[in-house]
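Chemist: model the following, please.
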Amino acid sequence: MLPLLLVAVVAVRHLPVLSEGFGHLATARWPWLLAAACATCLTWVAAACTRQGAVVERLPRRRLVATQFAAGAANHLLPTGLGASAVNLRFLSVCGLSLARSSAALALYLLAESVGRVALLGVLLIAFPDALRLGTLLPEGAVQPLLLAVGAVPVVAAGVLVLVPRVRGTVESFLRTALAEARSVHARPARALALWGGALAFPALQAAALVLVGRALALPVPVAHMAVAYLAATVAVALVPTPGGIGSVEAALVVALVAAGGPAAVATAVVLAFRLLTVWLPLLPGALTLAALVRMRVI
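Modeler: Okay, the predicted model is just below:
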């Protein structure tokens, strides 16, 4: 019952957003929205492919896909992806993998997904250099503090590893396991293809869902520019510790779509409808699936 209770709490806290999102969906062209819903469903299949590619053992396909659907709901109830990570870590453990190997597979998945998203964004920016006016995305004077913060993270991490031997030993042990797991996976072409193919397909399908919602609401922005706006916004908010990016993703997406040339009012409508379709509508069935998987001891 806990996932359902959390869904109710989150929904009540964001009731105005939900109401406005439903209002925009009522005025949209439904064939485009149906295509966006199909793209959203395919994201769970892409995530399942990436998860399978991160381990050598063959995982049960149906349960793997159902776990990704449930993990999506859990991801919107806990900050910074902890929900999905916990669900998948438990699933791999139930499938017989040790905690060390499950953690290594989780790290490999996160690395592949991040690389795939950034690589796709880089390719689109090279192909369409005028797709996004980056100067409008960052407040004046924010570049230098951002660069300082990015540079401080590895320095602090290195200091902790040098000064705390216990942490250093734990990290070294984990890295040995993770590297051995990565070598085993890439020694099998089918697993490597699933890992990196799914890692590229996942953000591509997410961007496609936003593009289709934009078409449904007649957003006057080229398709490639909308895709770039989505990828840039999600990369920018990746480190913001909010459950499922709720709040931060909406704000970043609106700013990115406006920077891509869209009117503010229509861009806001597109983002609200997109988040309603991809986050809020699957949330309740995802939570029910999560509860069922727990009862069946799949996770």
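Chemist: just how off-centre is stretch 254-264 within its chain?
Modeler: Distance of stretch 254-264 from the chain centroid (CA atoms, centre = their mean, to the nearest Å) equals 21 Å.
Chemist: where does pLDDT dip in the protein?
Modeler: Filtered on pLDDT under 70, the chain yields the residue ranges 1-25, 77-81, 133-153, 160-162, 238-248.
Chemist: in the stretch 101-250 of the chain, which spans are helices?
Modeler: Assigned by DSSP state H, counting those that start in this stretch, the stretch 101-250 of the chain shows helices spanning 143-163, 165-186, 189-216, 223-236, 248-259.
Chemist: so for residue 290, which of these sits nearest?
Modeler: helix 189-216 (19.8 Å; CB to CB). Quick note: C-beta positions are derived from backbone N, CA and C, even for glycine.
Chemist: tell me the angle that closest one makes with helix 223-236.
Modeler: 110 degrees (axes from the mean of the first three to the mean of the last three CA atoms, to 10 degrees).
Chemist: out of the helices of the stretch 101-250 of the chain, nearest to residue 60?
Modeler: helix 189-216 (14.8 Å).
Chemist: packing partners of that closest one?
Modeler: Secondary-structure packing of helix 189-216 (3 or more CB pairs under 8 Å, 6 or more residues apart in numbering; DSSP states H and E): helix 30-53, helix 99-127, helix 165-186, helix 223-236, helix 264-275.
Chemist: for the fourth one, buried residues please.
Modeler: For helix 223-236, a neighbour-count test (16 or more other CB atoms under 10 Å) marks 224-236 as buried.
Chemist: which among these gets closest to residue 33?
Modeler: residue 226 (15.2 Å).
Chemist: ok, the closest one to residue 157 distance?
Modeler: From residue 226 over to residue 157 the distance is 36 Å, taken as CB to CB, to the nearest Å.
Chemist: rewinding a little: could the helices of the stretch 101-250 of the chain go into JSON lines alongside distance to residue 132?
Modeler: Shown next, in JSON lines, are these (distance: least, CB to CB, whole Å):
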{"stretch": "helix 143-163", "distance to residue 132": "16"}
{"stretch": "helix 165-186", "distance to residue 132": "33"}
{"stretch": "helix 189-216", "distance to residue 132": "13"}
{"stretch": "helix 223-236", "distance to residue 132": "5"}
{"stretch": "helix 248-259", "distance to residue 132": "6"}
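Chemist: and which of the buried residues of helix 223-236 is nearest residue 65?
Modeler: Once CB to CB is applied, the member of these that ends up nearest residue 65 is residue 234, at 22.4 Å.
Chemist: enumerate every residue touching that closest one.
Modeler: Contact analysis of residue 234 by CB atoms under 8 Å, 6 or more residues apart in numbering lists 117, 203, 206, 245, 249, 252.
Chemist: put the buried members of these into a PyMOL selection.
Modeler: Here is the PyMOL command that selects the buried residues among those (16+ other CB under 10 Å):
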select buried, resi 117+203+206+245+249+252
